[in-house]
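>>> Need a 3D model of the sequence below.
(one chain, ligands or ions: 1)
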Amino acid sequence: MIYFDNSATTKVDDDVLKTYNQVSENFWGNPSSLHNFGEKANGLLQQSRKQIADLLGVSPTEIYFTSGGTEGDNWVIKGTAIQKKEFGKHIITTKIEHAAVKNSMKMLEKLGFEITYLPVDAEGRVSARDLSNAIRSDTILVSIMAVNNEVGTIEPLDEIAEVLKKYPKIHFHVDAVQGMAKGIHDLIFNDRVDFITFSGHKFHAPRGIGFIYGRNGRRIDPLMDGGGQERGQRSGTENLPAIAGMAKAIRIIKEHENQSINEEQAIRKRIYDHISNYEKVDVFSDLNNHFAPHVLCFAIEGVKGETIVHAFEQEGIYISTTSACSSKKDETSGTLAAMGIPNEISKSAVRVSLGDHNQLFEADEFNQVFDKLYDKFKHLS
Ligand SMILES: Cc1ncc(COP(=O)(O)O)c(C=O)c1O
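Here you go, the predicted model:
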């Protein structure tokens with residue numbers, strides 16, 4: 001089997017799984033309990049937090065554990081809205097955000113907030129000038145993703161940050177769920193970004209765990225009220241095995257980040273060079289540095305994305321339509337529409353997404369299967 005659907009989820013790393021199991025067996029006390037079994041669990045919790053903070057070059061007090069990307073996005077967006085509602089009700093985001101951001105915005109619209117959705121260019125990038133023009137005196141939040149999950153576009157967060165330096169009160173949130181260890185650390189952790197969302201299962205950690213970075217001194221309201229865990233900001237008994245596993249996963253992925261990027265770029269290029277020669281193929285992810293190394297989105301004109309996914313599946317290759325969340329809803333891609341791709345073509349779009357475990361020979365196998373299927377599809381269309 002060839003697994004090319006890593007933007008949907010990744011396989012848990014073997015060493016991460018070992019950590020998960022060991023912590024489940026030996027540290028199952030509640031970190032809030034007063035006895036030493038609880039203290040032992042709390043020690044590991046704080047150690048994991050520090051390890052993650054050190055690996056990312058931030059302070060442990062800036063790391064808050066969550067259940068994943070959806071919770072992180074909901075929390076920062078709604079938590080900012082509640083915290084800053086007296087100052088204003090205007091929020092700026094983009095037309096290409098993940099549903100976790102998009103639908104949080106929709107919910108706030110129902111509550112009376114006004115949302116500006118920035119357009120993107122043909123590569124899927126927002127412009128700093130459009131952002132600058134959209135800012136109002138009552139803007140409280142700007143939320144822009146680091147890497148688009150459907151086509152892999154890297155947003156110009158440095159240019160956005162420059163604009164926002166003139167507006168220090170506005171919260172700047174980055175959904176970096178697709179951006180961990182993809183060579184853009186400094187772009188994401190630039191000194192104007194206030195909140196960042198990450199999700200463990202996108203980088204070989206277990207499901208159901210993630211974290212947000214929240215700059216010291218910036219405040220959002222909690223959404224999870226209860227026992228006051230995470231310094232009162234996110235209640236709920238901590239998922240310690242997954243937290244320790246996630247710390248391990250970040251260490252592993254950071255240790256060989258450059259090597260993984262080179263491998264992913266080589267795999268993507270080999271597929272790109274092969275498929276872009278075909279007359280009926282449109283490739284939406286470029287090889288330039290505006291795109292992350294792990295995503296390649298393309299369409300075979302006249303064939304539904306779903307049909308392409310199942311045809312590859314029959315050959316033991318797992319890819320997806322443009323995003324796992326919309327794949328079962330028969331929706332065409334919001335990102336491709338915003339990039340100006342006609343509906344007729346985006347209906348045929350699929351996504352190859354790479355992870356740490358993929359190897360170059362898999363690109364050759366993919367290309368062989370592609371040739372065979374293209375031949376079949378030619379007759380179909
Ligand atoms: C850009 C982006 N944001 C948020 C999410 C949601 O993350 P999770 O699946 O951890 O809830 C995803 C998942 O695909 C994503 O790609």
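>>> mind checking pLDDT for the one residue in the chain that gets nearest to the ligand?
In the chain, the residue found nearest to the ligand is Gly69; the distance is 2.3 Å by C-beta to the nearest ligand atom. In short, each C-beta sits where N, CA and C put it, glycine included. At Gly69, the model reports a pLDDT of 98.
>>> Then Lys378?
At Lys378, the pLDDT recorded in the model is 79.
>>> Quick check: which element contains the nearest residue to Val58 once chain neighbours are set aside?
Among residues not flanking Val58 along the chain, Tyr213 sits closest, at 6.0 Å (C-beta to C-beta, 6 or more residues apart in numbering). Using DSSP states H and E, Tyr213 maps to strand 210-214.
>>> Now do the helix or strand just after that strand and strand 210-214, the angle between them.
From strand 210-214 onward toward the C-terminus, using DSSP H and E, the following helix or strand is helix 240-255. Inter-element angle recorded for helix 240-255 and strand 210-214: 70 degrees (by axes from the mean of the first three to the mean of the last three C-alpha atoms, to 10 degrees).
>>> by contact count, what packs against helix 240-255?
The contact analysis (3 or more C-beta pairs under 8 Å, 6 or more residues apart in numbering; DSSP states H and E) places helix 240-255 against helix 14-26, helix 36-56.
>>> Tabulate those (a markdown table), appending mean pLDDT, distance to the ligand and mean neighbour count.
Below are the helices and strands packed on helix 240-255 laid out as a markdown table (pLDDT from 0 to 100; distance: least, C-beta to the nearest ligand atom, whole Å; neighbours: other C-beta atoms under 10 Å):
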| stretch | mean pLDDT | distance to the ligand | mean neighbour count |
| --- | --- | --- | --- |
| helix 14-26 | 98 | 16 | 16 |
| helix 36-56 | 98 | 16 | 17 |
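>>> returning to that earlier point: from what I can see the residue of the chain closest to the ligand touches Gly210, true?
Yes. Using C-beta atoms under 8 Å, Gly69 is in contact with Gly210, at 5.6 Å.
>>> Now list whatever residues contact both of those two.
Val177, Thr197, Phe198, Ser199 (C-beta atoms under 8 Å, 6 or more residues apart in numbering).
>>> what's the farthest-apart pair in the residues you listed?
Thr197 and Ser199 (7.2 Å; C-beta to C-beta).
>>> what do the two both touch?
Gly69, Gly72, Val177, Gly210.
>>> Show me those that map onto strands.
In strands, judged by DSSP state E, the following of the shared contacts of Thr197 and Ser199 are found: Gly210.
>>> ok, the shared contacts of Thr197 and Ser199 vs Lys18, which is closest?
Nearest to Lys18 among the shared contacts of Thr197 and Ser199, with distances taken as C-beta to C-beta, is Gly210, at 20.7 Å.
>>> Quick check, that closest one in contact with Thr197.
Yes. The pair Gly210 / Thr197 is scored as a contact, 7.1 Å apart, by C-beta under 8 Å.
>>> Write out the residues of the protein neighbouring the ligand.
Counting by C-beta under 6 Å from any ligand atom, the chain comes close to the ligand at 68-70, 73, 98, 100, 145, 149, 175, 177-178, 199, 201, 210.
>>> since we're on Ile209, how many residues are nearby?
Neighbourhood size, Ile209 [other C-beta atoms under 10 Å]: 25.
>>> how about the nearest residue to it, chain neighbours excluded?
Counting by C-beta to C-beta, 6+ apart, the residue nearest Ile209 is Ala242, at 3.6 Å.
>>> That neighbour and Tyr278, how far apart?
In this view, Ala242 and Tyr278 are 42 Å apart by C-beta to C-beta, to the nearest Å.
>>> which one of these two has more residues nearby?
Ranked by neighbour count (other C-beta under 10 Å), Ala242 and Tyr278 place Ala242 first, with 28 against 17.
>>> The more buried one and Ala205 touch, don't they?
Yes. In this structure, Ala242 is within contact of Ala205 by C-beta under 8 Å, at 7.0 Å.
>>> if we can go back for a sec, quick one, which of Thr197 and Ser199 is more surrounded?
Thr197 (31 against 28).
>>> Look at the more buried one and report its pLDDT.
99.
>>> Specify the beta-bridge partners of it.
For Thr197, the beta-bridge partners are Asp175, Ile212 (DSSP bridges).
>>> Tell me who's in contact with it.
Gly69, Gly72, Asp73, Val76, His173, Val174, Asp175, Ala176, Val177, Gly210, Ile212.
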